[in-house]
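Asks: Structure here, sequence nowhere to be found:
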């Protein structure tokens, strides 16, 4: 198959766009569409300081690379979850982020959950008996916001792609969870101490971000998080991939169609956020969920030590 732009050998064919591109033409196309999405949703400008949440995977590292190529003021944040999984998952992820930071000549902020909380994510799971992804999501949201405030970043960017967003939308639609449907959007505006959050890769498939990482020689961790095995979201992604195979463009139409009618879903009136009495981060309660989690972990650790 030939590249539509230069007629060289194509490395990717995107049936939803009816477009084949070669290695040299792919990155410019990808960057152009990244820029287009940023402008479409008014995510940020080149005057803003962007904090990219990087995990060591292809999506987040590709996002950091793309924003730097587009001359945005973008630094990285890596949150060390302390997950081993038998192959040093978190350590490998951290090294991948550090290598890209060095290559891009950008700052990489790092936070250790074990040092901050007093327990790694696997230990939090055991001590609290809550699903690993629940505790993980809580601490990641907390540290992303705290770092953006402490280091004076204007916006937090994450590498969520079209596959991720379509799967979340599918799950929320199956449950008709109106509260979550009302909040699902590529931009969450800043309010009461919560920094603005954006998803510039919302229109790229996982395959497209992978190809961008490969053509730009970005070293990333290929293994999935051990706690993601068997997740319902992966099952939903598989179903959507089948639909996409039979009808290219289904995921994009599904997401864009939702964006057009999203305002019909009304979320409950947002509670006023006030500073947490312990850490000062915004919360709807006297003490935020993160501080309550830390207290719970410490109580359980104390109980185990006595036993």
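Replies: It's in. Keep in mind that this is a model prediction, so the values were computed, not measured.
Asks: Only C-alpha atoms from now on, for both contacts and neighbour counts.
Replies: Fine.
Asks: now the helices: where do they sit in the stretch 151-300 of the chain?
Replies: Using DSSP state H, counting those that start in this stretch, the helices of the stretch 151-300 of the chain run over 162-175, 178-183, 206-215, 232-246, 250-261, 289-306.
Asks: Please state the offset of the second one from the chain centre?
Replies: By that I understand helix 178-183. 18 Å (Cα atoms, centre = their mean, to the nearest Å).
Asks: returning to that earlier point: with distance to residue 84, mean neighbour count and mean pLDDT as extra columns, can I get the helices of the stretch 151-300 of the chain in JSON lines?
Replies: Output for the helices of the stretch 151-300 of the chain, formatted as JSON lines (distance: least, Cα to Cα, whole Å; neighbours: other Cα atoms under 10 Å; pLDDT from 0 to 100):
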{"stretch": "helix 162-175", "distance to residue 84": "24", "mean neighbour count": "19", "mean pLDDT": "95"}
{"stretch": "helix 178-183", "distance to residue 84": "32", "mean neighbour count": "17", "mean pLDDT": "88"}
{"stretch": "helix 206-215", "distance to residue 84": "24", "mean neighbour count": "18", "mean pLDDT": "98"}
{"stretch": "helix 232-246", "distance to residue 84": "21", "mean neighbour count": "14", "mean pLDDT": "93"}
{"stretch": "helix 250-261", "distance to residue 84": "33", "mean neighbour count": "15", "mean pLDDT": "96"}
{"stretch": "helix 289-306", "distance to residue 84": "20", "mean neighbour count": "14", "mean pLDDT": "88"}
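Asks: quick one, which of these is nearest to residue 17?
Replies: Comparing the helices of the stretch 151-300 of the chain by their distance to residue 17 (Cα to Cα), the top pick is helix 250-261, with 10.7 Å.
Asks: Show residues contacting the closest one.
Replies: Helix 250-261 is contacted from outside by 162-163, 165-166, 169, 185, 203, 240, 243-244, using Cα atoms under 8 Å, 6 or more residues apart in numbering.
Asks: Among the residues you listed, which pair sits farthest apart?
Replies: 185 and 243 (22.3 Å).
Asks: circling back to that earlier point, can you check which of the helices of the stretch 151-300 of the chain gets nearest to residue 67?
Replies: Relative to residue 67, the nearest member of the helices of the stretch 151-300 of the chain by Cα to Cα is helix 206-215, separated by 12.6 Å.
Asks: The closest one packs against which elements?
Replies: Contact partners of helix 206-215 among helices and strands, from 3 or more Cα pairs under 8 Å, 6 or more residues apart in numbering; DSSP states H and E: helix 23-40, helix 58-69.
Asks: Of those, flag the one that's most buried.
Replies: helix 58-69 (a mean of 23; mean count of other Cα atoms under 10 Å).
Asks: starting at the chain centroid, how far to that helix?
Replies: Centre-to-centre, helix 58-69 and its host chain are 12 Å apart (Cα atoms, centre = their mean).
Asks: ditto for stretch 176-194
Replies: Using Cα atoms, centre = their mean, the offset of stretch 176-194 from its chain centre is 15 Å.
Asks: just to revisit the earlier point, minimum distance to residue 86: which of the helices of the stretch 151-300 of the chain has it?
Replies: Nearest of the helices of the stretch 151-300 of the chain to residue 86, taken as Cα to Cα: helix 232-246 at 21.4 Å.
Asks: Report the angle between the closest one and helix 250-261.
Replies: 110 degrees (axes from the mean of the first three to the mean of the last three Cα atoms, to 10 degrees).
Asks: tell me the angle of helix 232-246 relative to helix 162-175?
Replies: Using the same axes, to 10 degrees: helix 232-246 against helix 162-175 is 110 degrees.
Asks: Which other helices and strands does helix 232-246 contact?
Replies: helix 162-175, helix 250-261.
Asks: Please produce TSV containing those helices, extended by distance to residue 305.
Replies: Below are the helices and strands packed on helix 232-246 laid out as TSV (distance: least, Cα to Cα, whole Å):
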stretch	distance to residue 305
helix 162-175	40
helix 250-261	50
